[in-house]
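Colleague: the following comprises the amino acid sequence and a computationally predicted model.
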Amino acid sequence: MKIAIVTGASSGMGMEFARQLDDNLQKTDEIWLIARRREPLEELAQEMRHKSRVIVMDVTQEKALVQFAEVLAIGNPKITVLVNCAGVGTHGAFVSQSDEAVAEMMQLNIVALTRMTKMCLPYMRSGSKIIQLASGAAFVPQAAFAVYAASKAYVYSLSRALNRELREKKIRVMAVCPGPVNTPFLAHAYGDPARLDRLKKMTMLETKSVVAKAVMDCKNGKSVSVCGLPMKVLYLATQGIQNLLLQR
């Protein structure tokens, strides 16, 4: 059985990835939808053309990860696509953020993503793809978003490295690095939408355009997907600086 897996599928980018994969995947039997909330997953599954499997789990919990590993071992599927979208961010000065908020960002954005990737890799073959949701915040440190930006820099770095490691196996890994996207994430991160600065409001993108660009870039074998002119300029600028430093 060939499957696609999407974490964080109950809202935002994860839900949109599930919908667009449903429209684009041809050689996949099932799409597995993973998130903590059952109701939006079941509603999403009802609208999908592909057979969908709803898996209610918290990917930060060890017990849930062990159980999911057992599900994979029993079913022994071929994973054609893994999309790691589950993530969280909290805006504010590092010193004023709660220990729980900092731990949640590190556990979900870094540890859970890494564990899911490593767990799924043995079930991937030539042509399989991994899409990791990073962020434009990965390119430069961000005051008042320090832990989130650092966690996404980890995702970006891991994705680039794995793409190189897995090249001989013809398994592609791509980091998706958008700027601000109009999703429930922003409400969680900032609390009050009025706290968004003018630049973020001006450069905000819609989920459909970001995911559509990512799906196209993945088909074209790119290792990084950057949507929107401002993020592309930032990405190219930071790449230029890195190249200069490497030449010193």
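Modeller: Arrived safely, thanks for sending. Numbering: from 1, shown residues only.
Colleague: any weak-confidence spans in the chain?
Modeller: Where the chain drops to pLDDT under 70, the residues are 183-203, 240-248.
Colleague: could you pull out the strands for it?
Modeller: 2-7, 30-35, 51-56, 78-84, 129-133, 172-176, 224-225 (DSSP state E).
Colleague: can you give me how far the longest one is from the chain middle?
Modeller: Taking the mean C-alpha point of strand 78-84 and that of its whole chain, the gap between them comes to 12 Å (C-alpha atoms, centre = their mean, to the nearest Å).
Colleague: which among the strands of the chain is found nearest to Val95?
Modeller: strand 129-133 (27.3 Å; C-beta to C-beta). The C-beta positions use only the backbone N, C-alpha and C, and glycine is treated the same way.
Colleague: quick one, the closest one and strand 2-7 angle?
Modeller: Angle, strand 129-133 to strand 2-7, by axes from the mean of the first three to the mean of the last three C-alpha atoms, to 10 degrees: 10 degrees.
Colleague: output the contacting helices and strands for strand 129-133.
Modeller: helix 12-24, strand 78-84, helix 113-120, helix 146-165, strand 172-176, helix 207-219 (3 or more C-beta pairs under 8 Å, 6 or more residues apart in numbering; DSSP states H and E).
Colleague: using PDB, write out every CA atom in that strand.
Modeller: Output of strand 129-133 as PDB, limited to C-alpha atoms (Å, rounded to 0.1, in the frame of the first residue of the first chain):
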ATOM      1  CA  LYS A 129       9.500  12.900  -1.000                       C
ATOM      2  CA  ILE A 130       9.700  14.700   2.400                       C
ATOM      3  CA  ILE A 131       8.300  18.200   2.700                       C
ATOM      4  CA  GLN A 132       9.300  20.000   5.900                       C
ATOM      5  CA  LEU A 133       7.600  23.200   6.900                       C
END
